[in-house]
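[1] Give me a model of this one.
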Amino acid sequence: MSVFKRIYCQCKNPINLHKNREKLREVTCPKCGAVVKNGQDVGNYFISYYINGRKKTEKVSFNKSLAEAALRKRLTEIAEGRFLDIKKEHKVKFEDFVEEYLHLHCANHRGVHKAALVNLKVLKRFFGGKYLSEIDVRAVQEFKVKRKQEGVSDATVNRALACLKSMFNRAKEWDKFSGDNPVCKVKLFKESNGRARYLEREEIARLINACTGNLKAIVIVAVNTGMRRGEIFGLKWRDLDFNRKAINLLITKNGEKREIPMNEDVISAFISVRKHPQSPYVFCYEDGNPVRDIRKGWLKAMKQTGIKDFVFHQLRHTFCSQSIMAGVDMNTVREIAGHKSMQMTLRYSHLSQNHKQRAVDILAQRLGIKECSPKIDNVTSVEHISPISF
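    Take a look at the predicted model:
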(Lines give C-alpha, C1' and ligand atoms only; values in the text may rest on other atoms or scores of the structure.)
Protein backbone atom coordinates (compact mmCIF):
# COMPACT_ATOMS: atom_id res chain seq x y z
CA MET A 1 0.00 0.00 0.00
CA SER A 2 1.59 3.20 -1.14
CA VAL A 3 1.33 6.54 -2.87
CA PHE A 4 3.56 7.12 -5.86
CA LYS A 5 3.99 9.53 -8.75
CA ARG A 6 3.90 8.46 -12.39
CA ILE A 7 5.43 10.38 -15.29
CA TYR A 8 5.81 9.36 -18.91
CA CYS A 9 8.77 9.34 -21.24
CA GLN A 10 8.51 10.44 -24.89
CA CYS A 11 8.52 6.73 -25.80
CA LYS A 12 5.27 6.53 -23.74
CA ASN A 13 6.91 4.31 -21.13
CA PRO A 14 5.47 4.96 -17.63
CA ILE A 15 8.01 5.71 -14.89
CA ASN A 16 6.86 5.24 -11.29
CA LEU A 17 8.55 7.45 -8.66
CA HIS A 18 8.24 6.10 -5.12
CA LYS A 19 9.16 7.88 -1.88
CA ASN A 20 12.06 10.35 -2.30
CA ARG A 21 12.44 9.73 -6.05
CA GLU A 22 9.43 11.93 -6.73
CA LYS A 23 11.56 14.96 -5.77
CA LEU A 24 14.18 14.28 -8.45
CA ARG A 25 14.32 16.89 -11.20
CA GLU A 26 15.40 14.40 -13.85
CA VAL A 27 15.15 10.63 -14.21
CA THR A 28 16.40 8.22 -16.82
CA CYS A 29 13.89 6.14 -18.76
CA PRO A 30 14.75 2.43 -18.19
CA LYS A 31 13.33 1.55 -21.60
CA CYS A 32 14.97 3.99 -24.05
CA GLY A 33 17.57 5.68 -21.82
CA ALA A 34 16.25 9.19 -22.43
CA VAL A 35 16.37 11.85 -19.70
CA VAL A 36 12.87 12.74 -18.50
CA LYS A 37 12.21 16.02 -16.68
CA ASN A 38 10.19 15.99 -13.46
CA GLY A 39 8.41 18.79 -11.61
CA GLN A 40 5.31 19.82 -9.69
CA ASP A 41 3.30 20.29 -12.87
CA VAL A 42 4.40 16.97 -14.39
CA GLY A 43 2.72 13.61 -13.84
CA ASN A 44 -0.02 12.35 -11.52
CA TYR A 45 -0.17 10.58 -8.17
CA PHE A 46 -1.46 7.03 -7.90
CA ILE A 47 -2.39 4.86 -4.93
CA SER A 48 -1.97 1.10 -4.68
CA TYR A 49 -3.62 -1.28 -2.23
CA TYR A 50 -4.68 -4.93 -1.95
CA ILE A 51 -8.16 -6.44 -2.07
CA ASN A 52 -8.59 -10.16 -1.46
CA GLY A 53 -4.91 -10.70 -2.13
CA ARG A 54 -4.96 -8.81 -5.45
CA LYS A 55 -3.18 -5.53 -6.00
CA LYS A 56 -5.23 -2.55 -7.19
CA THR A 57 -3.80 0.66 -8.66
CA GLU A 58 -5.88 3.81 -8.90
CA LYS A 59 -5.13 7.22 -10.42
CA VAL A 60 -6.08 10.03 -8.02
CA SER A 61 -4.67 13.53 -8.64
CA PHE A 62 -1.61 15.67 -9.38
CA ASN A 63 -1.60 16.57 -5.66
CA LYS A 64 0.18 14.23 -3.27
CA SER A 65 -1.87 15.27 -0.21
CA LEU A 66 -5.11 14.38 -1.99
CA ALA A 67 -3.62 11.02 -3.01
CA GLU A 68 -2.62 10.24 0.59
CA ALA A 69 -6.12 11.17 1.80
CA ALA A 70 -7.65 8.93 -0.87
CA LEU A 71 -5.48 6.00 0.20
CA ARG A 72 -6.51 6.42 3.86
CA LYS A 73 -10.14 6.51 2.80
CA ARG A 74 -9.81 3.36 0.69
CA LEU A 75 -8.11 1.45 3.52
CA THR A 76 -10.85 2.49 5.96
CA GLU A 77 -13.62 1.48 3.54
CA ILE A 78 -11.97 -1.86 2.86
CA ALA A 79 -11.53 -2.56 6.58
CA GLU A 80 -15.18 -1.72 7.29
CA GLY A 81 -16.52 -3.41 4.14
CA ARG A 82 -17.95 -0.15 2.84
CA PHE A 83 -15.86 0.20 -0.31
CA LEU A 84 -18.67 0.58 -2.86
CA ASP A 85 -16.24 0.50 -5.78
CA ILE A 86 -15.39 -3.09 -4.95
CA LYS A 87 -17.76 -5.21 -6.96
CA LYS A 88 -18.10 -8.91 -6.67
CA GLU A 89 -14.96 -10.43 -8.10
CA HIS A 90 -15.67 -13.23 -10.53
CA LYS A 91 -12.97 -15.85 -10.55
CA VAL A 92 -13.51 -16.95 -14.14
CA LYS A 93 -10.51 -18.10 -16.14
CA PHE A 94 -10.41 -16.91 -19.74
CA GLU A 95 -9.99 -20.39 -21.23
CA ASP A 96 -12.92 -21.71 -19.15
CA PHE A 97 -15.22 -18.99 -20.41
CA VAL A 98 -14.12 -19.70 -23.99
CA GLU A 99 -15.76 -23.13 -23.78
CA GLU A 100 -18.93 -21.64 -22.30
CA TYR A 101 -19.00 -18.94 -24.98
CA LEU A 102 -18.67 -21.53 -27.76
CA HIS A 103 -21.35 -23.75 -26.28
CA LEU A 104 -23.96 -21.10 -25.47
CA HIS A 105 -23.37 -18.37 -28.02
CA CYS A 106 -21.79 -19.92 -31.11
CA ALA A 107 -23.16 -23.46 -31.23
CA ASN A 108 -26.37 -22.57 -33.07
CA HIS A 109 -24.62 -20.55 -35.79
CA ARG A 110 -22.33 -22.69 -37.91
CA GLY A 111 -20.61 -19.79 -39.68
CA VAL A 112 -20.09 -17.89 -36.43
CA HIS A 113 -18.81 -21.03 -34.68
CA LYS A 114 -16.25 -21.72 -37.39
CA ALA A 115 -14.87 -18.16 -37.36
CA ALA A 116 -14.91 -18.05 -33.55
CA LEU A 117 -12.80 -21.20 -33.32
CA VAL A 118 -10.03 -19.53 -35.32
CA ASN A 119 -10.12 -16.29 -33.32
CA LEU A 120 -10.47 -17.95 -29.92
CA LYS A 121 -7.45 -20.13 -30.58
CA VAL A 122 -5.36 -16.98 -31.01
CA LEU A 123 -6.97 -15.23 -28.04
CA LYS A 124 -6.34 -18.22 -25.76
CA ARG A 125 -2.68 -18.19 -26.70
CA PHE A 126 -2.41 -14.59 -25.50
CA PHE A 127 -4.88 -14.39 -22.59
CA GLY A 128 -4.78 -18.00 -21.38
CA GLY A 129 -4.17 -18.37 -17.65
CA LYS A 130 -5.72 -14.99 -16.80
CA TYR A 131 -9.01 -14.23 -15.11
CA LEU A 132 -11.49 -12.16 -17.11
CA SER A 133 -11.22 -9.45 -14.47
CA GLU A 134 -7.46 -9.22 -15.06
CA ILE A 135 -7.82 -8.33 -18.74
CA ASP A 136 -7.81 -4.54 -19.01
CA VAL A 137 -7.54 -2.00 -21.84
CA ARG A 138 -3.74 -2.12 -21.75
CA ALA A 139 -3.72 -5.92 -22.15
CA VAL A 140 -6.06 -5.69 -25.15
CA GLN A 141 -3.89 -2.98 -26.71
CA GLU A 142 -0.82 -5.16 -26.23
CA PHE A 143 -2.61 -8.01 -27.99
CA LYS A 144 -3.46 -5.71 -30.91
CA VAL A 145 0.16 -4.51 -31.25
CA LYS A 146 1.66 -7.99 -30.94
CA ARG A 147 -0.64 -9.45 -33.61
CA LYS A 148 0.31 -6.64 -35.96
CA GLN A 149 4.00 -7.30 -35.31
CA GLU A 150 3.41 -10.94 -36.25
CA GLY A 151 2.51 -9.80 -39.76
CA VAL A 152 -1.23 -10.35 -39.48
CA SER A 153 -3.51 -8.17 -41.64
CA ASP A 154 -5.52 -5.33 -40.11
CA ALA A 155 -8.79 -7.09 -40.93
CA THR A 156 -7.69 -10.29 -39.16
CA VAL A 157 -6.72 -8.35 -36.01
CA ASN A 158 -10.06 -6.53 -36.07
CA ARG A 159 -11.99 -9.82 -36.32
CA ALA A 160 -10.19 -11.16 -33.27
CA LEU A 161 -10.91 -7.96 -31.32
CA ALA A 162 -14.57 -8.17 -32.34
CA CYS A 163 -14.69 -11.74 -31.05
CA LEU A 164 -13.10 -10.67 -27.75
CA LYS A 165 -15.56 -7.78 -27.43
CA SER A 166 -18.46 -10.17 -27.95
CA MET A 167 -17.05 -12.47 -25.28
CA PHE A 168 -16.97 -9.71 -22.66
CA ASN A 169 -20.49 -8.60 -23.58
CA ARG A 170 -21.77 -12.15 -23.07
CA ALA A 171 -19.77 -12.44 -19.82
CA LYS A 172 -21.52 -9.32 -18.46
CA GLU A 173 -24.94 -10.63 -19.54
CA TRP A 174 -24.31 -13.98 -17.84
CA ASP A 175 -22.96 -12.35 -14.65
CA LYS A 176 -19.46 -13.73 -15.19
CA PHE A 177 -17.77 -10.33 -15.41
CA SER A 178 -18.38 -6.92 -13.84
CA GLY A 179 -17.00 -3.68 -15.15
CA ASP A 180 -16.56 -2.00 -18.50
CA ASN A 181 -15.78 -3.97 -21.62
CA PRO A 182 -12.01 -3.36 -22.10
CA VAL A 183 -12.21 -3.80 -25.88
CA CYS A 184 -14.54 -0.80 -26.27
CA LYS A 185 -11.69 1.63 -25.56
CA VAL A 186 -9.29 0.06 -28.09
CA LYS A 187 -9.38 1.53 -31.60
CA LEU A 188 -9.74 -0.90 -34.46
CA PHE A 189 -7.46 -0.70 -37.46
CA LYS A 190 -8.85 1.16 -40.44
CA GLU A 191 -9.54 -1.38 -43.13
CA SER A 192 -9.22 -0.74 -46.82
CA ASN A 193 -12.46 -1.38 -48.68
CA GLY A 194 -10.86 -2.24 -51.97
CA ARG A 195 -12.71 -3.18 -55.10
CA ALA A 196 -14.30 -6.62 -54.88
CA ARG A 197 -12.78 -8.97 -57.46
CA TYR A 198 -15.24 -10.44 -59.93
CA LEU A 199 -15.18 -12.14 -63.34
CA GLU A 200 -16.23 -10.64 -66.65
CA ARG A 201 -18.71 -12.60 -68.79
CA GLU A 202 -15.97 -13.96 -71.05
CA GLU A 203 -13.99 -15.16 -68.02
CA ILE A 204 -17.07 -16.89 -66.58
CA ALA A 205 -17.54 -18.86 -69.80
CA ARG A 206 -13.87 -19.91 -69.84
CA LEU A 207 -14.01 -21.03 -66.22
CA ILE A 208 -17.17 -23.12 -66.66
CA ASN A 209 -15.74 -24.80 -69.76
CA ALA A 210 -12.54 -25.64 -67.87
CA CYS A 211 -14.42 -27.37 -65.02
CA THR A 212 -15.52 -31.00 -65.12
CA GLY A 213 -17.83 -33.26 -63.15
CA ASN A 214 -19.53 -31.88 -60.05
CA LEU A 215 -17.18 -28.89 -59.99
CA LYS A 216 -18.75 -27.59 -63.20
CA ALA A 217 -22.24 -27.77 -61.68
CA ILE A 218 -21.01 -26.19 -58.44
CA VAL A 219 -19.49 -23.23 -60.31
CA ILE A 220 -22.65 -22.72 -62.39
CA VAL A 221 -24.78 -22.70 -59.23
CA ALA A 222 -22.41 -20.27 -57.48
CA VAL A 223 -22.31 -17.80 -60.39
CA ASN A 224 -26.09 -17.86 -60.92
CA THR A 225 -27.27 -17.79 -57.29
CA GLY A 226 -24.55 -16.05 -55.25
CA MET A 227 -24.66 -18.85 -52.69
CA ARG A 228 -21.75 -19.32 -50.33
CA ARG A 229 -19.54 -22.38 -50.67
CA GLY A 230 -20.80 -23.91 -47.42
CA GLU A 231 -24.40 -23.37 -48.51
CA ILE A 232 -23.77 -25.15 -51.82
CA PHE A 233 -21.89 -28.06 -50.24
CA GLY A 234 -24.66 -28.50 -47.68
CA LEU A 235 -27.47 -28.62 -50.26
CA LYS A 236 -29.81 -31.61 -50.04
CA TRP A 237 -32.18 -32.79 -52.74
CA ARG A 238 -35.11 -31.93 -50.50
CA ASP A 239 -33.98 -28.26 -50.61
CA LEU A 240 -34.62 -28.08 -54.37
CA ASP A 241 -38.13 -27.28 -55.54
CA PHE A 242 -38.09 -27.76 -59.32
CA ASN A 243 -41.81 -27.03 -59.64
CA ARG A 244 -41.42 -23.57 -58.12
CA LYS A 245 -37.87 -23.18 -59.47
CA ALA A 246 -36.54 -22.32 -56.03
CA ILE A 247 -33.80 -23.37 -53.61
CA ASN A 248 -34.81 -23.38 -49.95
CA LEU A 249 -31.83 -22.69 -47.70
CA LEU A 250 -32.61 -23.69 -44.13
CA ILE A 251 -29.10 -23.19 -42.73
CA THR A 252 -27.28 -19.98 -43.63
CA LYS A 253 -24.40 -17.95 -42.25
CA ASN A 254 -26.64 -15.42 -40.51
CA GLY A 255 -29.04 -18.10 -39.27
CA GLU A 256 -31.99 -16.91 -41.39
CA LYS A 257 -33.86 -19.01 -43.93
CA ARG A 258 -33.55 -17.90 -47.53
CA GLU A 259 -35.28 -18.77 -50.80
CA ILE A 260 -33.26 -18.43 -53.99
CA PRO A 261 -34.81 -18.59 -57.47
CA MET A 262 -33.32 -20.98 -60.05
CA ASN A 263 -32.82 -20.08 -63.70
CA GLU A 264 -32.56 -22.65 -66.50
CA ASP A 265 -28.76 -22.89 -66.21
CA VAL A 266 -29.01 -23.81 -62.52
CA ILE A 267 -31.77 -26.35 -63.15
CA SER A 268 -29.70 -27.96 -65.93
CA ALA A 269 -26.67 -28.06 -63.62
CA PHE A 270 -28.60 -29.91 -60.92
CA ILE A 271 -30.07 -32.33 -63.46
CA SER A 272 -26.54 -33.16 -64.67
CA VAL A 273 -25.48 -34.29 -61.18
CA ARG A 274 -25.69 -38.03 -60.58
CA LYS A 275 -27.85 -38.69 -57.53
CA HIS A 276 -26.30 -40.93 -54.87
CA PRO A 277 -28.77 -43.71 -53.93
CA GLN A 278 -28.06 -43.47 -50.19
CA SER A 279 -27.05 -39.84 -49.66
CA PRO A 280 -29.37 -36.85 -49.22
CA TYR A 281 -26.66 -34.44 -50.40
CA VAL A 282 -26.63 -33.04 -53.93
CA PHE A 283 -22.84 -32.83 -54.13
CA CYS A 284 -21.24 -35.78 -52.39
CA TYR A 285 -18.39 -38.30 -52.60
CA GLU A 286 -18.79 -41.96 -53.47
CA ASP A 287 -19.31 -42.79 -49.79
CA GLY A 288 -22.24 -40.36 -49.64
CA ASN A 289 -20.55 -37.74 -47.48
CA PRO A 290 -20.96 -34.12 -48.67
CA VAL A 291 -18.18 -32.54 -50.73
CA ARG A 292 -15.86 -30.44 -48.59
CA ASP A 293 -12.78 -29.84 -50.72
CA ILE A 294 -12.59 -28.77 -54.37
CA ARG A 295 -9.09 -27.33 -54.20
CA LYS A 296 -7.47 -29.74 -56.69
CA GLY A 297 -10.05 -29.24 -59.44
CA TRP A 298 -10.28 -25.52 -58.78
CA LEU A 299 -6.53 -24.93 -59.10
CA LYS A 300 -6.48 -26.98 -62.30
CA ALA A 301 -9.25 -24.83 -63.78
CA MET A 302 -7.49 -21.62 -62.72
CA LYS A 303 -4.28 -22.75 -64.40
CA GLN A 304 -6.06 -23.79 -67.59
CA THR A 305 -8.00 -20.52 -67.93
CA GLY A 306 -5.13 -18.26 -66.87
CA ILE A 307 -7.34 -16.50 -64.31
CA LYS A 308 -5.18 -15.18 -61.47
CA ASP A 309 -5.81 -13.87 -57.95
CA PHE A 310 -9.28 -15.37 -57.80
CA VAL A 311 -10.80 -17.62 -55.14
CA PHE A 312 -14.07 -19.53 -55.04
CA HIS A 313 -15.83 -17.06 -52.72
CA GLN A 314 -15.38 -14.36 -55.35
CA LEU A 315 -17.93 -16.17 -57.50
CA ARG A 316 -20.39 -14.67 -55.02
CA HIS A 317 -18.93 -11.24 -55.79
CA THR A 318 -19.31 -12.06 -59.47
CA PHE A 319 -22.99 -12.87 -59.05
CA CYS A 320 -23.69 -9.60 -57.22
CA SER A 321 -21.67 -7.43 -59.59
CA GLN A 322 -22.98 -8.98 -62.81
CA SER A 323 -26.57 -8.87 -61.52
CA ILE A 324 -26.32 -5.15 -60.80
CA MET A 325 -24.72 -4.48 -64.19
CA ALA A 326 -27.55 -6.46 -65.79
CA GLY A 327 -30.03 -3.98 -64.31
CA VAL A 328 -31.23 -5.93 -61.27
CA ASP A 329 -32.16 -3.55 -58.46
CA MET A 330 -29.99 -3.46 -55.34
CA ASN A 331 -32.62 -4.71 -52.93
CA THR A 332 -33.33 -7.81 -55.01
CA VAL A 333 -29.62 -8.62 -55.14
CA ARG A 334 -29.44 -8.10 -51.37
CA GLU A 335 -32.33 -10.53 -50.75
CA ILE A 336 -30.98 -13.25 -53.03
CA ALA A 337 -27.42 -12.96 -51.68
CA GLY A 338 -28.67 -12.91 -48.09
CA HIS A 339 -27.03 -9.64 -47.05
CA LYS A 340 -28.41 -8.26 -43.79
CA SER A 341 -27.84 -4.64 -44.79
CA MET A 342 -27.84 -2.66 -48.02
CA GLN A 343 -24.35 -1.41 -47.14
CA MET A 344 -22.95 -4.88 -47.82
CA THR A 345 -24.58 -4.97 -51.25
CA LEU A 346 -23.23 -1.52 -52.14
CA ARG A 347 -19.73 -3.02 -52.15
CA TYR A 348 -20.62 -4.58 -55.49
CA SER A 349 -22.09 -1.47 -57.11
CA HIS A 350 -18.92 -0.82 -59.11
CA LEU A 351 -19.17 -1.24 -62.88
CA SER A 352 -16.72 -2.66 -65.39
CA GLN A 353 -15.12 -0.34 -67.94
CA ASN A 354 -16.98 -2.08 -70.78
CA HIS A 355 -20.29 -1.62 -68.99
CA LYS A 356 -19.62 2.08 -68.43
CA GLN A 357 -18.63 2.48 -72.08
CA ARG A 358 -21.91 0.87 -73.18
CA ALA A 359 -23.79 3.22 -70.86
CA VAL A 360 -22.42 6.40 -72.47
CA ASP A 361 -22.90 4.91 -75.95
CA ILE A 362 -26.57 4.29 -75.17
CA LEU A 363 -26.88 7.88 -73.91
CA ALA A 364 -25.39 9.23 -77.14
CA GLN A 365 -27.89 7.22 -79.20
CA ARG A 366 -30.78 8.48 -77.07
CA LEU A 367 -29.75 12.14 -77.26
CA GLY A 368 -29.14 11.91 -81.01
CA ILE A 369 -26.51 14.65 -81.04
CA LYS A 370 -24.65 14.63 -84.36
CA GLU A 371 -21.12 15.84 -84.77
CA CYS A 372 -21.06 19.30 -86.40
CA SER A 373 -18.38 21.79 -87.39
CA PRO A 374 -18.58 25.56 -86.87
CA LYS A 375 -19.73 27.40 -90.00
CA ILE A 376 -17.32 30.11 -91.11
CA ASP A 377 -18.39 32.52 -93.87
CA ASN A 378 -16.13 34.45 -96.22
CA VAL A 379 -12.98 32.85 -94.81
CA THR A 380 -10.65 31.12 -97.25
CA SER A 381 -7.87 30.17 -94.85
CA VAL A 382 -7.14 29.74 -91.20
CA GLU A 383 -4.92 32.78 -91.19
CA HIS A 384 -7.95 35.01 -91.80
CA ILE A 385 -9.59 33.96 -88.51
CA SER A 386 -9.09 36.57 -85.83
CA PRO A 387 -7.72 35.22 -82.57
CA ILE A 388 -10.19 35.00 -79.69
CA SER A 389 -9.24 37.17 -76.76
CA PHE A 390 -10.20 36.25 -73.17
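[2] List the contacts of Val186.
    137, 140-141, 144, 161 (Cβ atoms under 8 Å, 6 or more residues apart in numbering). In this view, the C-beta of every residue, glycine as well, is placed from N, C-alpha and C.
[3] among these, which ones are buried?
    Taking 16 or more other Cβ atoms under 10 Å as the criterion, what is buried in the contacts of Val186 is 140, 144, 161.
[4] the strands in the stretch 201-350 of the chain, which residues?
    In the stretch 201-350 of the chain, the strands defined using DSSP state E, counting those that start in this stretch lie at 240-241, 246-249, 258-261.
[5] tell me the average confidence for the first one?
    Along strand 240-241, the predicted local confidence has a mean pLDDT of 95.
[6] who are the neighbours of that strand, in terms of helices and strands?
    Contact here means 3 or more Cβ pairs under 8 Å, 6 or more residues apart in numbering; DSSP states H and E; on that basis strand 240-241 packs against strand 246-249.
[7] ok so, going back, Met1: which of the contacts of Val186 is nearest?
    Nearest to Met1 out of the contacts of Val186 is Val137 (Cβ to Cβ; 24.0 Å).
[8] for the closest one, what are its contacts?
    Residues near Val137 by Cβ under 8 Å, 6+ apart: 182, 185-186.
[9] What strand or helix carries the spatially most central residue of the chain?
    Centroid-nearest residue in the chain, with Cα atoms, centre = their mean: Arg159, separated by 4.7 Å. Per DSSP states H and E: Arg159 is located in helix 154-173.
[10] Next, the buried residues of that helix.
    Of the residues in helix 154-173, 156-161, 163-168, 170-171 count as buried by neighbour count, 16+ other Cβ under 10 Å.
[11] and what of stretch 277-290?
    Applying 16+ other Cβ under 10 Å to stretch 277-290 flags 279, 281-284, 290 as buried.
[12] just stretch 296-305 next, same as before
    Neighbour-count burial for stretch 296-305 [16+ other Cβ under 10 Å]: 297-298, 301-302, 305.
[13] Dump those residues to a markdown table, plus distance to Lys130.
    As requested, the buried residues of stretch 296-305 are exported to a markdown table (distance: Cβ to Cβ, whole Å):
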| residue | distance to Lys130 |
| --- | --- |
| Gly297 | 45 |
| Trp298 | 42 |
| Ala301 | 47 |
| Met302 | 44 |
| Thr305 | 50 |
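[14] what's the closest of those residues to Ala205?
    When the buried residues of stretch 296-305 are compared against Ala205 (criterion: Cβ to Cβ), the nearest one is Thr305, at 9.6 Å.
[15] Enumerate every residue touching that closest one.
    203, 206-207, 210.
[16] Save the buried residues of stretch 277-290 as a markdown table, and put in distance to Leu66 and pLDDT too.
    Below are the buried residues of stretch 277-290 laid out as a markdown table (distance: Cβ to Cβ, whole Å; pLDDT from 0 to 100):
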| residue | distance to Leu66 | pLDDT |
| --- | --- | --- |
| Ser279 | 75 | 95 |
| Tyr281 | 71 | 95 |
| Val282 | 72 | 96 |
| Phe283 | 71 | 96 |
| Cys284 | 73 | 95 |
| Pro290 | 68 | 93 |
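[17] And the helices in the stretch 101-250 of the chain?
    110-127, 137-149, 154-173, 201-210, 213-225, 229-233 (DSSP state H, counting those that start in this stretch).
[18] tilt between the helix or strand of the chain at the bottom of the mean pLDDT ranking and helix 201-210?
    When the helices and strands of the chain are scored by mean pLDDT, DSSP states H and E, helix 353-367 comes last with a mean of 74. If you take axes from the mean of the first three to the mean of the last three Cα atoms, to 10 degrees, helix 353-367 sits at 130 degrees to helix 201-210.
[19] low-scoring pLDDT stretches of the chain, where are they?
    Along the chain, the parts satisfying pLDDT under 70 run over 52, 81-90, 108-113, 192-196, 253-255, 349-356, 370-390.
[20] So the closest residue in space to Ala34 that isn't next to it in sequence versus Lys37, what's the distance?
    Leaving aside its sequence neighbours, Ala34 sits nearest to Cys9 (Cβ to Cβ, 6 or more residues apart in numbering; 5.7 Å). The gap separating Cys9 from Lys37 is 10 Å, by Cβ to Cβ, to the nearest Å.
[21] So which of the two has more stuff around it?
    Legend: neighbour count by other Cβ atoms under 10 Å for Cys9 and Lys37, higher for Cys9 (18 against 10).
[22] OK, contacts around that one?
    Cys9 makes contact with 15, 29, 31-32, 34, 36, according to Cβ under 8 Å, 6+ apart.
[23] of those residues, closest to Leu367?
    Cys32 (67.5 Å).
[24] Run through the residues that contact that closest one.
    For Cys32, the contacting residues are 9-11, 13, by Cβ under 8 Å, 6+ apart.
[25] Likewise for Ile218?
    For Ile218, the contacting residues are 211, 232, 283, 291, 294, by Cβ under 8 Å, 6+ apart.
[26] ok, Val140 to Cys163 distance?
    Distance, Val140 to Cys163, using Cβ to Cβ: 12 Å.
[27] Apologies, that question was intended for Leu207.
    34 Å.
[28] Repeat that for Thr318.
    According to Cβ to Cβ, Thr318 and Cys163 sit 29 Å apart.
[29] Then Thr212?
    Here the criterion is Cβ to Cβ. By it, Thr212 lies 39 Å from Cys163.
[30] Sort out which residues of the helix or strand Glu95 falls within are buried, please.
    When elements are assigned from DSSP H and E, Glu95 belongs to helix 94-101. Within helix 94-101, the residues that count as buried by 16+ other Cβ under 10 Å are 94, 97-98, 101.
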